[in-house]
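1. with the input below, show me the fold.
(one chain, ligands or ions: 1)
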Amino acid sequence: MSGIDQRLWQRLRRDFGRAVGDFGLIGEGDRIAVGISGGKDSYTLLLLLKELQRRAPVNFQVCAVNIDSGYPGYRTDIIEGFLKEQQVEYRMVPTEHYAIITDKRRPGSSYCSICARLKRGALYTAVQEMGCNKLALGHHRDDFIETLLLNQFFVGSLKSMAASMLADNGQTTVIRPLVYLAEADIVQFSLQAKLPVVCCRCPVCGTADLRRRRMKSLLKELEQEIPHIKSSLLTALGNVHPRHLLDGALSRTETEEESCA
Ligand SMILES: Nc1ncnc2c1ncn2[C@@H]1O[C@H](COP(=O)(O)OP(=O)(O)OP(=O)(O)O)[C@@H](O)[C@H]1O
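-> From the prediction side, this is the model:
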């Protein structure tokens, strides 16, 4: 790609390819819809999938889908322009989500969680209608780590996200091929590639998710002292020792010797 630091581009491709391989994210004949929000992550995801398509030994198709939640000022025209330029099959889905949320939301309930739930439903429907078996989302390494911390700090649960998981509709496999990509690399790439990033324009855009922002700043602080903290936390997600947790429902297969490491 022109105008891009080649070492950065190689790193993104390497991390992306490693995730695809480690989690078996793409198979022969897959038809993958990329959820495109107009943000840096999903644009980058689309470009990396297209790049992989050119050199992968397996044949798969890539298309794109955008859900317009109906917030005034959301520049879907810019998103559509990008998708046209990329010569990718796409679907723009207008919805009444904004009106529904305004109408139905109970005082005190989270704006973001209702919006996300409606969006997810619309995405699954569109993906089915487009004949796709997979939906690719742009969550990256930092999203995984922050979600892990958020669940521990505020929910009392030990979980993050899956790199590959069958959706609740029982039909669509949701994949997250950016799991190994550092957000800082995606930011750099999006600037160098001049990606046409747009904001969703929801009423809480930029002010919501104070807790996630706190996790970000906490990790940044800790990184001064523990430079490898993010890679260690991500590794921890794939290195679980059920016997050393307190959930009685987990199988107790680990030996005592392993548990003393
Ligand atoms: N309006 C939308 N239409 C289609 N897909 C979406 C939309 N909003 C979010 N997604 C998908 O869900 C992923 C996670 O959404 P989230 O709102 O957390 O965005 P984000 O972390 O800011 O990422 P991005 O930079 O891609 O917006 C996105 O990367 C994208 O793949």
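
2. so where do the helices sit in the chain?
-> With helices called from DSSP state H, the chain shows them at 6-22, 40-55, 76-85, 97-104, 111-129, 141-150, 183-192, 210-225, 229-237, 256-259.

3. out of those, which comes closest to Leu246?
-> When the helices of the chain are compared by CB to CB, helix 256-259 sits nearest Leu246, at 13.6 Å. In this view, the C-beta of every residue, glycine as well, is placed from N, C-alpha and C.

4. tell me the mean pLDDT for that closest one?
-> The average of the pLDDT scores along helix 256-259 is 49.

5. and Ile36, backbone torsions?
-> Dihedral pair for Ile36: phi -110, psi 110, per degrees, to the nearest 10.

6. meant to ask about Gly170, not that
-> phi 70, psi 0.

7. count of neighbours near it?
-> 6 (other CB atoms under 10 Å).

8. residues near the closest residue to the ligand within the chain, how many?
-> The ligand sits closest to Gly39 of the chain, with a gap of 2.1 Å, by CB to the nearest ligand atom. Using other CB under 10 Å, Gly39 has 18 neighbouring residues.

9. same question for Ala182.
-> Ala182: 18 neighbours (other CB under 10 Å).

10. on the pLDDT front, check it for me.
-> pLDDT at Ala182 comes out at 98.

11. picking up where we left off before, I'd like the helices of the chain laid out as TSV, including mean neighbour count and distance to Cys63.
-> Shown next, in TSV, are these (neighbours: other CB atoms under 10 Å; distance: least, CB to CB, whole Å):
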stretch	mean neighbour count	distance to Cys63
helix 6-22	16	18
helix 40-55	20	10
helix 76-85	15	9
helix 97-104	14	22
helix 111-129	17	9
helix 141-150	20	23
helix 183-192	17	21
helix 210-225	13	29
helix 229-237	16	29
helix 256-259	9	45
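
12. which stretch among those helices comes nearest Gly170?
-> Of the helices of the chain, nearest to Gly170 by CB to CB is helix 111-129, at 10.2 Å.

13. distance between that closest one and the chain's centre?
-> Distance of helix 111-129 from the chain centroid (CA atoms, centre = their mean, to the nearest Å) equals 14 Å.

14. give me the angle between that helix and helix 210-225.
-> Counting by axes from the mean of the first three to the mean of the last three CA atoms, to 10 degrees, helix 111-129 points 90 degrees away from the direction of helix 210-225.

15. tell me what helix 111-129 is packed against?
-> Secondary-structure packing of helix 111-129 (3 or more CB pairs under 8 Å, 6 or more residues apart in numbering; DSSP states H and E): strand 31-35, strand 61-68, strand 89-94, helix 97-104, strand 134-136.

16. CA atoms only for that helix - export them in CSV, please.
-> In CSV, the C-alpha atoms belonging to helix 111-129 read as follows (Å, rounded to 0.1, in the frame of the first residue of the first chain):
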residue,chain,number,x,y,z
TYR,A,111,-27.9,4.0,26.1
CYS,A,112,-25.0,2.1,24.6
SER,A,113,-26.2,-1.4,25.6
ILE,A,114,-29.7,-0.9,24.0
CYS,A,115,-28.1,0.6,20.9
ALA,A,116,-25.6,-2.3,20.7
ARG,A,117,-28.3,-4.9,21.1
LEU,A,118,-30.4,-3.4,18.3
LYS,A,119,-27.4,-3.1,16.1
ARG,A,120,-26.4,-6.7,16.6
GLY,A,121,-29.8,-7.9,15.7
ALA,A,122,-29.8,-5.8,12.5
LEU,A,123,-26.3,-7.1,11.6
TYR,A,124,-27.3,-10.8,12.0
THR,A,125,-30.4,-10.3,9.8
ALA,A,126,-28.4,-8.5,7.1
VAL,A,127,-25.6,-11.1,7.2
GLN,A,128,-28.2,-13.9,6.7
GLU,A,129,-29.9,-12.0,3.9
